[in-house]
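Student: Sequence and predicted model, in that order:
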Amino acid sequence: MRKTEVEEIVNGQRRLFLSGETLNFDFRRQQLASLRDMLEKFEGEIYHALKNDLNKSEYEAFTTEIGFLYSEIDFALKHLKDWMKPEKVSTPITHKGSKSFIHAEPYGVTLVIAPWNYPLHLALAPAIGAIAAGNTVVVKPSEFTQSTSAILSEMVQSTFDADYFTVVEGDKEISQQLLEQRWDYIFFTGSSRVGKIVMEQASRHLTHVTLELGGKSPAIIDKDAKIDLAAKRIVWGKFTNAGQTCVAPDYVYVNAKVKLKLLRAMKKHIKSFFGKFPLKNQDYVQIIGKEHFNRLNAFLSEGEVVHGGESDDEKLLIEPTILDKIDWENALMQEEIFGPILPIMTFNSLNDVISELKQKDKPLALYYFGENEEKQQHVMTNIAFGGGCVNDTLYHLANPHLPFGGTGESGMGAYHGKYSFDTFSHRKSILKQTTKFDIPFRYPGRKIAKAVVKRLMK
């Protein structure tokens, strides 16, 4: 794609937005309904694409990608009218006679840059918020999931006018061309390294950004946790999508008194979920590419393998693996793993864990397993992270009433449910003043004015 073509796409969307067509409720509702119909129409092709790119089963494709989008669209359709209503707020006595409102105003022309790990979900979930808020949308899918990128492009082009919603495929050169344009909002999901580039480019036009990044998300298992259930939920959260999930537990901190019990339980649940021979499981998700596979495969030589450890370089598969005798000096503890390898570290004092984690970069997620409510609150209060769960993993993502997003190195901004609408909306302040009377003390030149103003405002 030539640079002039990219410019034409952006200019076409800006003309449409400035026409005001995207602003009214009926238009937005119809576009959301069309998006849902599009997913239903192409659902079979989506399954095939995700199987081709990542070897996802239909079950995993629906539960982690398509189903989430249906829920988000339905939630937006149900609440959109209320979200669009001006929000009336209080006014102080100094503003007697006036009324104050907050209007949710769309930013305009928006860009969504999606990653490869959930190539449909993370391309369209932000777009739902952008559409609901009244913006136009350009989605740039990942070039590493070519089948999903192609079907995404096909179904969007067949459903929407390109001046309103379109998909631009291509490699990092296309991404660079897109980032050189003047956008009104950029929503990026991916690595911290690329997120910094996106933010730097956006700063050239003072463009608003949301960055959904990642980090090393810990799971802490205390001695009073229900170990079998904790193990089951950690195994599910870690090895879904072969660990290629930004909020997957990146490592486990377990109380030394229950470590062996936890390891036994995790081994049991890995076998239950993926079979005795995961590399022969036809529905086990593959690693996205050779480079990422080689990076992960190198980690298998660290520490002590207590489960798994086998890989298939032709099929790009790595078994669900648990590594023991790991510490912060190991190479796999220096970066987000983003694969089916789970390091185990032990602790004796919860406060020591908290002190340790407070010195690290703020993760996108944190999971604490334990029954003591005071300890639960202590962990949630004293460690900074994007979001997380007590006695579970990943499930906070599926609640549309909770914002999802990072903090610090793990990102900025949040979305899901109404938070997606809010992310793509500027909160515009409006004061409607009365003309039935005029308060005289606001103006200079009256002796009593100073005394009245000081009494009201001091």
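Tutor: Sure, I can see it. Numbers count the residues shown, from 1 in each chain.
Student: S100 touches K88, doesn't it?
Tutor: Yes - the pair S100 / K88 is scored as a contact, 7.1 Å apart, by CB atoms under 8 Å. Glycine gets a C-beta too; all of them are placed from N, C-alpha and C.
Student: Now tell me which helix or strand of the chain has the poorest mean pLDDT.
Tutor: helix 447-457 (a mean of 63; mean pLDDT, DSSP states H and E).
Student: Find the helix or strand that I128 is a member of.
Tutor: Assigned by DSSP states H and E, I128 belongs to helix 121-132.
Student: What mean pLDDT does that helix get?
Tutor: Average pLDDT, helix 121-132: 98.
Student: Same question for the helix or strand just after that helix: list its buried residues.
Tutor: Using DSSP H and E, the helix or strand that follows helix 121-132 in sequence is strand 136-140. By 16 or more other CB atoms under 10 Å, the buried positions in strand 136-140 come out as 136-140.
Student: can you check stretch 33-45 too?
Tutor: For stretch 33-45, the neighbour count (16+ other CB under 10 Å) marks 35-36, 38-39, 42 as buried.
Student: Now do the SS call for T166.
Tutor: With DSSP: H, G, I helix; E, B strand; the rest coil as the basis, T166 sits in strand.
Student: Just give the closest residue to it, not the sequence neighbours.
Tutor: Nearest-residue entry for T166: V138, 5.7 Å, with adjacent residues in sequence omitted and distances by CB to CB, 6 or more residues apart in numbering.
Student: Quickly list what the one you found is bridged to.
Tutor: When assigned by DSSP bridges, V138 has beta-bridge partners L111, T166.
Student: Now do the contacts for it.
Tutor: Under the criterion of CB atoms under 8 Å, 6 or more residues apart in numbering, the contact list for V138 reads 9-10, 13, 109-112, 165-168, 178.
Student: Name the nearest of the residues you listed relative to A49.
Tutor: Closest to A49 out of those is V167 (13.2 Å), distances taken as CB to CB.
Student: and that closest one, what does it touch?
Tutor: Going by CB under 8 Å, 6+ apart, V167 touches 138-141, 149, 152-153, 156-157.
Student: Pick the one among these closest to G417.
Tutor: Minimum distance to G417 across the contacts of V167 is 19.9 Å, recorded for V139 (CB to CB).
Student: quick one: that closest one from A49, how far?
Tutor: For V139, the distance to A49 (CB to CB, to the nearest Å) stands at 15 Å.
Student: try H401
Tutor: Relative to A49, H401 is positioned 31 Å away (CB to CB).
Student: before we move on, what about S203?
Tutor: From S203 to A49 the distance is 35 Å (CB to CB).
Student: which helices and strands sit right next to the helix or strand hosting L39?
Tutor: Element membership for L39 (DSSP H and E) is helix 25-41. Contacts defined by 3 or more CB pairs under 8 Å, 6 or more residues apart in numbering; DSSP states H and E place helix 25-41 against helix 67-84, helix 121-132, helix 146-157.
Student: Next, count neighbours for N382.
Tutor: 13 (other CB atoms under 10 Å).
Student: OK, contacts around the nearest residue to it once chain neighbours are set aside?
Tutor: Take N382 and drop its neighbours on the chain: the residue closest to it by CB to CB, 6+ apart is I354, 5.2 Å away. Taking CB under 8 Å, 6+ apart, we find I354 in contact with 378-379, 382-383.
Student: and what of N255?
Tutor: So N255 contacts 221-223, 346-348, 350 (CB under 8 Å, 6+ apart).
Student: Of those, just the buried ones, ChimeraX syntax please.
Tutor: In ChimeraX syntax, the buried subset of the contacts of N255 is picked out as below (16+ other CB under 10 Å):
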select :221,222,223,346,347,350
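Student: wait, K259 sits on I344?
Tutor: Yes - K259 is within contact range of I344, at 7.2 Å (criterion: CB under 8 Å).
Student: Who has more neighbours out of the two?
Tutor: Using other CB under 10 Å, the more surrounded residue of K259 and I344 is I344, with 22 against 19.
Student: which stretches of the stretch 301-450 of the chain have low pLDDT?
Tutor: For the stretch 301-450 of the chain, applying pLDDT under 70 flags the ranges 445-450.
Student: can we see that at 90?
Tutor: Applying pLDDT under 90 to the stretch 301-450 of the chain picks out residues 438-450.
Student: could you show me where the helices are in it, in order?
Tutor: Per DSSP state H, counting those that start in this stretch, the stretch 301-450 of the chain carries helices over the ranges 350-358, 373-382, 418-423, 447-457.
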